[in-house]
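Visitor: sequence isn't available, so here's the structure alone:
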């Protein structure tokens, strides 16, 4: 598998991939879909570009089988504070989620951040995603006990179908 920072020309493909994985329904839905409790898009091109502009040290790491092959996955990596990096938007094409690419991309993202000075990774997960939280726990992440509010009213991240959504914070020592 080939991992590389995303080029601006790949942003449209990243938006399509992330929305298919996080908001896919029916036959397009992977096990990571949030469509049952968040409606609408997960991200759009304008917000992706704005997020990258606001975080100039952030990188979106892409995954492919071949250098010129189709995009199979991506992950957002961003320094949060000294030695701590935020990992988000871990995405694998829904029709390939049985190939164990998620754990491979997660490890590559951790290694990339560690090479840039990370000693700990941090992420947030919607609190009702028990299966996903357990998946991250099996990969060494632990709940910190901290929660963060879901951005209700900010349609850039979708429209929550529940009013009790929040994020739990998970961390892993590298």
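Guide: Perfect, thanks for sending it. These numbers come from a predicted model, not from an experiment.
Visitor: how about the strands in the protein?
Guide: Using DSSP state E, the strands found in the chain span residues 2-5, 38-39, 59-64, 73-81, 84-92, 120-126, 142-149, 159-160, 166-173.
Visitor: reformat those as TSV; add mean pLDDT, distance to residue 17 and mean neighbour count.
Guide: C-beta coordinates here come from the backbone N, C-alpha and C atoms, glycine included. TSV is the format used below for the strands of the chain (pLDDT from 0 to 100; distance: least, Cβ to Cβ, whole Å; neighbours: other Cβ atoms under 10 Å):
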stretch	mean pLDDT	distance to residue 17	mean neighbour count
strand 2-5	96	15	14
strand 38-39	81	17	17
strand 59-64	96	9	21
strand 73-81	96	6	21
strand 84-92	95	6	22
strand 120-126	96	18	19
strand 142-149	96	25	11
strand 159-160	84	21	16
strand 166-173	96	22	16
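Visitor: among those, which is nearest residue 100?
Guide: Of all the strands of the chain, strand 84-92 sits nearest to residue 100, with 9.3 Å by Cβ to Cβ.
Visitor: helices or strands up against the longest helix that the chain contains?
Guide: The residue-count maximum for a helix in the chain (DSSP state H) belongs to helix 101-115. Judged by 3 or more Cβ pairs under 8 Å, 6 or more residues apart in numbering; DSSP states H and E, the packing partners of helix 101-115 are strand 2-5, strand 59-64, strand 73-81, strand 84-92.
Visitor: now do the second one: which elements does it pack against?
Guide: Judged by 3+ Cβ pairs under 8 Å, 6+ apart, the packing partners of strand 59-64 are strand 2-5, strand 73-81, helix 101-115.
Visitor: and the second one, how far out from the chain middle?
Guide: Going back to what we said before, that points to strand 73-81. Strand 73-81 sits 8 Å away from the centroid of its parent chain (Cα atoms, centre = their mean, to the nearest Å).
Visitor: now do that strand: which elements does it pack against?
Guide: helix 11-23, strand 59-64, strand 84-92, helix 101-115.
Visitor: which of those sits closest to residue 124?
Guide: Proximity to residue 124 (Cβ to Cβ) singles out strand 84-92 among the helices and strands packed on strand 73-81, at 7.2 Å.
Visitor: dump the helices and strands packed on strand 59-64 into TSV; add distance to residue 22 as well.
Guide: Output for the helices and strands packed on strand 59-64, formatted as TSV (distance: least, Cβ to Cβ, whole Å):
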stretch	distance to residue 22
strand 2-5	21
strand 73-81	12
helix 101-115	13
